[in-house]
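Enquirer: quick one: sequence plus predicted model below, questions after.
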Amino acid sequence: MAEYFGNIVKILSNYWDVFLITGVGYTLLLSFITVAVGSILGVFLCLGRMARFKPLNWVVKAFVEVVRGTPLLLQLYIFYFLVPKILPFTVSDFGSVAIGLVINSGAYVSEVFRSGIQAVDRGQSEAARSLGLTSSMTMRRIVLPQAIKNILPALGNEFVTVIKETSLASTFFVGDLMTSYLIVKGNTYLTMECLLIVGVLYFLLNFVLSRLLGVFERRLKAND
């Protein structure tokens, strides 16, 4: 045990920047991009899923089912090899992986938004329509603001989940925490010690974020 602890201290003294700056930085950046852009995509997918235009409804439903029904790693491989070929400009490995994560997150977030919208009392929509608001105005001004408030805790949980899912990005060596593990392990040949460091960092990131989300949820309930 003392040997493990000594090796961990030695690793941190020599490679702290690889773990804390590069690894944590890329992991948080990738997670933020995934949740932020994925949420925007999720809104449009949700509206498409709930549209009265049946072909659009079917297409979006099929897309969401395919994304949710296939492994994330498989999707990342597809986007990693496909995106650079179909886009007319150069895309980095980080960009290709980010696009794959955004598509995956958008499919899941769309279902979160759909449940949030369906949880809003239908009577409010009917009242808004009776006052002369169009369907789009009712959705934008009445339904969506309430739905977003209802689903904010779920979006926070999505952020926590995405932080862990970014570990799959190490397959493509894009600089996240697990990529940092691969780099340091390759230099030191100390596998378990590097894994313990990465495991603690993932735990700390998710623990801090979970506590912040808990505070935010309590404030939302206090304002109700």
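Expert: Received, thanks.
Enquirer: R68 reaches Y108, doesn't it?
Expert: Yes. R68 lies in contact with Y108 (C-beta atoms under 8 Å); the separation is 6.7 Å. No exception for glycine: its C-beta is placed from N, CA and C like everyone else's.
Enquirer: any idea of the pLDDT on A147?
Expert: Listed pLDDT for A147 reads 75.
Enquirer: that one: neighbouring residues, count only.
Expert: When neighbours are counted by other C-beta atoms under 10 Å, A147 registers 22.
Enquirer: in space, what's closest to it - neighbours in sequence excluded?
Expert: Leaving aside its chain neighbours, A147 sits nearest to G116 (3.7 Å; criterion: C-beta to C-beta, 6 or more residues apart in numbering).
Enquirer: could I get the buried residue list for whichever helix or strand that neighbour is part of?
Expert: Under the criterion of DSSP states H and E, G116 resides in helix 93-119. With burial defined by 16 or more other C-beta atoms under 10 Å, the residues of helix 93-119 counted as buried are 94-114, 116-117.
Enquirer: can you list the residues that contact whichever strand or helix holds Q75?
Expert: Under the criterion of DSSP H and E, Q75 resides in helix 72-86. Residues outside helix 72-86 that contact it (C-beta atoms under 8 Å, 6 or more residues apart in numbering): 67, 90-91, 93, 95-97, 99-101, 103-104, 165, 168-169, 171-172.
Enquirer: and the biggest helix by length in the chain, what does it pack onto?
Expert: Determined from DSSP state H, the single longest helix within the chain is helix 191-223. Counting contacts by 3 or more C-beta pairs under 8 Å, 6 or more residues apart in numbering; DSSP states H and E, helix 191-223 is packed against helix 2-17, helix 24-49, helix 144-165, helix 177-188.
Enquirer: and of the ones you listed, who's closest to L131?
Expert: Nearest to L131 among those is helix 144-165 (16.3 Å), distances taken as C-beta to C-beta.
Enquirer: so which elements touch that closest one?
Expert: Using 3+ C-beta pairs under 8 Å, 6+ apart: helix 144-165 touches helix 24-49, helix 93-119, helix 191-223.
Enquirer: show me how far that helix is from its chain's centre.
Expert: Going by C-alpha atoms, centre = their mean, to the nearest Å, the spacing between the C-alpha centre of helix 144-165 and its chain's C-alpha centre is 9 Å.
Enquirer: just give me the neighbour total for A62.
Expert: Other residues close to A62 by other C-beta under 10 Å number 10.
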